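[1] My questions are about this predicted structure, shown below with the sequence.
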Amino acid sequence: MKRKRKIVLAYSGGLDTTVAIKWLKDLGYEVIAYMADVGQGGKITPARKRALAAGASKVIVDDLKKEFVEGYIFPALKAGAIYESGYLLATALSRPLIAKGLARTARREKAYCAAHGCTGKGNDQVRFEISLKMLSPGIKIVAPVREWELRSRQAEIEYAKKHRLPIDAKKNSPYSIDVNLWGVSIEAGVLEDPWHGAPEGAYLITRDPSKAPSTGYTAKIYFEEGVPRKLNGKTIAALSLIEKLNEIAGRYGIGRVDLVENRLVGIKSREIYEAPAATVLYAAHEALENIVLDRETFQFKKELSLEYGRLIYNGLWYSPLKRAMDGFIAETQKRVTGEVRLRLTSGNAAITGRKSPYSLYHKGLATYGEDDRFDHSLARGFIELWGMPYTANPK
């Protein structure tokens with residue numbers, strides 16, 4: 001009897017990857033379902049049962065939450081990484097980590113093939129495949145959704161019914177959703193019309209800001225070299241901090257973003273994002289950087305943050321350029337230590353205070369009161385020199 005080829009499938013528990021198990025088996029593969037736990041909630045146990053029922057020979061559940069926070073989320077936070085002014089990259093950040101786990105599992109299981117459930121016009125296919133190729137050169141990658149003849153969600157549902165696959169899908173399911181502990185990405189359905197307002201039912205972890213508690217909430221976050229360590233004066237584990245802030249800030253409707261973005265493959269896509277904890281931590285981290293970094297470093301880092309965000313979005317987490325940027329960012333974070341106070345109200349996280357032992361703020365220079373130590377007589381010469389290129393040869 002011919003031995004089947006092993007393939008490790010990045011399994012989410014959804015319709016696409018459940019159908020993919022059967023489809024890959026029919027191609028002669030022994031399918032090992034790999035599930036990465038990056039904080040998506042209570043879907044792990046039922047999804048594991050679904051994979052086995054669909055025909056997977058084995059299901060491997062990999063708890064990556066701690067590695068996700070320390071090795072991916074916090075580096076992005078320290079970089080201030082953002083894509084097109086709104087997306088804090090929750091889904092994009094998880095993909096290189098999942099690819100790393102997928103590659104590691106393939107080596108351990110002596111499988112020379114890996115598979116994912118991404119479509120041909122999404123960003124995740126690029127993130128998975130480029131990461132896999134960097135981490136495991138020579139690995140064969142199979143993308144069932146790009147290759148099979150099932151051209152619609154309805155066709156996949158009919159296929160699943162025909163083969164009695166244990167799916168958890170409805171014909172009229174309106175949205176495509178990805179969840180991890182750093183945020184939620186929502187697309188499809190009525191959201192494909194950029195003029196159509198996002199229905200309240202589309203949101204998962206944030207309350208309608210108009211229904212937020214009227215009392216507000218004060219949060220004090222302490223950072224050490226760019227990493228949040230305390231909440232309201234109490235040391236807290238990184239994972240617990242994010243979960244706590246997601247709950248608190250989500251209650252106030254903080255972290256909602258409605259964005260039409262430019263996908264890597266060249267199309268524009270309307271996405272809805274929820275990132276309560278990320279929104280609060282980004283605001284606090286930037287406020288602290290603003291008080292401890294000199295002007296040139298702060299402004300240059302803001303430019304680099306956009307490029308760092310593009311690298312993550314475009315699937316280049318393991319690239320040489322990203323590693324080089326990490327060196328610069330690490331240097332900038334050496335003095336990003338101190339505390340930031342925020343006031344959380346309806347849909348808003350407002351900075352109300354910041355302090356650091358490395359603060360460059362000098363009250364004697366900034367004040368307009370009696371303690372003013374700024375030499376105003378220097379201003380005239382400064383203005384003359386600053387404006388010389390534009391005023392020395394008037395027309």
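    Yes, it's here. None of the values given here were measured: they were computed from a predicted structure. Numbers count the residues shown, from 1 in each chain.
[2] Surely E370 is within a helix?
    No - E370: not assigned to a helix; according to DSSP: H, G, I helix; E, B strand; the rest coil it is coil.
[3] So what's the residue count around it?
    By the criterion of other Cβ atoms under 10 Å, E370 has 5 neighbours. From N, CA and C alone the C-beta is placed, and that goes for glycine too.
[4] before we move on, which element is L316 in?
    Under DSSP states H and E, no helix or strand contains L316.
[5] Same check on the one 5 residues further on?
    In the assignment (DSSP H and E), L321 maps to helix 320-332.
[6] try V184
    Assigned by DSSP H and E, V184 belongs to strand 183-187.
[7] Let's see the helix holding L321 as PDB, backbone CA atoms only.
    Extracted in PDB, the C-alpha atoms of helix 320-332 (Å, rounded to 0.1, in the frame of the first residue of the first chain):
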ATOM      1  CA  PRO A 320      16.100  41.900   6.400                       C
ATOM      2  CA  LEU A 321      14.700  45.500   6.300                       C
ATOM      3  CA  LYS A 322      12.400  44.700   9.200                       C
ATOM      4  CA  ARG A 323      15.200  43.300  11.300                       C
ATOM      5  CA  ALA A 324      17.300  46.400  10.600                       C
ATOM      6  CA  MET A 325      14.400  48.600  11.700                       C
ATOM      7  CA  ASP A 326      14.200  46.700  14.900                       C
ATOM      8  CA  GLY A 327      17.700  47.800  15.800                       C
ATOM      9  CA  PHE A 328      16.700  51.400  15.400                       C
ATOM     10  CA  ILE A 329      13.500  51.000  17.300                       C
ATOM     11  CA  ALA A 330      15.300  49.200  20.200                       C
ATOM     12  CA  GLU A 331      17.600  52.200  20.600                       C
ATOM     13  CA  THR A 332      14.600  54.600  20.700                       C
END
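[8] What is the subsequent helix or strand relative to it?
    Tracing the chain past helix 320-332, the next element assigned as helix or strand by DSSP H and E is strand 338-345.
[9] mind listing what's buried in that following strand?
    By neighbour count with 16 or more other Cβ atoms under 10 Å, strand 338-345 contains the buried residues G338, E339, V340, R341, L342, L344, T345.
[10] Compute the first-to-last residue distance for stretch 36-50.
    End-to-end span of stretch 36-50 (Cα to Cα, to the nearest Å): 15 Å.
[11] how about that stretch: buried residues?
    For stretch 36-50, burial by neighbour count (16+ other Cβ under 10 Å) applies to A36, D37, V38, G39, Q40, K43, A47, R48, R50.
[12] ok, for the fifth one, nearest residue in space, not its chain neighbours?
    Read that as Q40. Leaving out its chain neighbours, the residue that sits closest to Q40 by Cβ to Cβ, 6 or more residues apart in numbering is V179, at 4.6 Å.
[13] Now do the same for that neighbour: its pLDDT.
    V179 carries a pLDDT value of 93.
[14] mind listing what it touches?
    With contact taken as Cβ atoms under 8 Å, 6 or more residues apart in numbering, V179 is in contact with G39, Q40, G41, S185, L204.
[15] hmm, back to that, name the residues that touch the helix holding L321?
    Residues from elsewhere that reach helix 320-332, judged by Cβ under 8 Å, 6+ apart: 75, 78-79, 226, 289, 293, 297, 301, 304, 307-308, 311-312, 316.
[16] State the mean pLDDT of it.
    97.
[17] how distant is it from the center of its chain?
    When distances are taken as Cα atoms, centre = their mean, to the nearest Å, helix 320-332 is centred 19 Å away from the chain's centroid.
[18] can you give me the strands for the chain?
    5-10, 29-37, 58-63, 113-115, 140-142, 176-180, 183-187, 217-224, 227-231, 234-235, 256-262, 268-274, 338-345, 348-355 (DSSP state E).
[19] what's the closest of those to G197?
    strand 256-262 (8.4 Å; Cβ to Cβ).
[20] Listing partners with orientation, what would you give for that closest one?
    Sheet pairing here is set by DSSP bridges, and for strand 256-262 it gives strand 268-274 (antiparallel).
[21] Report the backbone C-alpha coordinates of the strand it pairs with in CSV.
    Included here for strand 268-274 are C-alpha records, laid out as CSV according to Å, rounded to 0.1, in the frame of the first residue of the first chain:
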residue,chain,number,x,y,z
LYS,A,268,-9.4,48.5,-2.5
SER,A,269,-11.3,46.7,0.3
ARG,A,270,-13.6,48.1,3.0
GLU,A,271,-12.8,46.7,6.4
ILE,A,272,-14.2,47.2,9.9
TYR,A,273,-11.7,46.8,12.8
GLU,A,274,-12.1,46.7,16.5
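[22] re earlier: quick check: which of the contacts of V179 has the minimum pLDDT.
    G41 (80).
[23] Regarding that residue, what are the backbone dihedral angles?
    phi 100, psi -150 (degrees, to the nearest 10).
[24] residues contacting it?
    Contacts for G41 (Cβ under 8 Å, 6+ apart) come out as V179.
[25] quick one: it from L204, how far?
    9 Å (Cβ to Cβ, to the nearest Å).
[26] G117 too?
    The gap separating G117 from L204 is 20 Å, by Cβ to Cβ.
[27] The two: who's more crowded?
    Taking neighbours as other Cβ under 10 Å, G117 and L204 compare with G117 leading, 23 against 15.
[28] can you give me the helices for the chain?
    15-26, 44-54, 65-68, 74-79, 90-108, 124-135, 144-147, 153-162, 238-251, 276-292, 295-313, 320-332, 363-366, 378-391 (DSSP state H).
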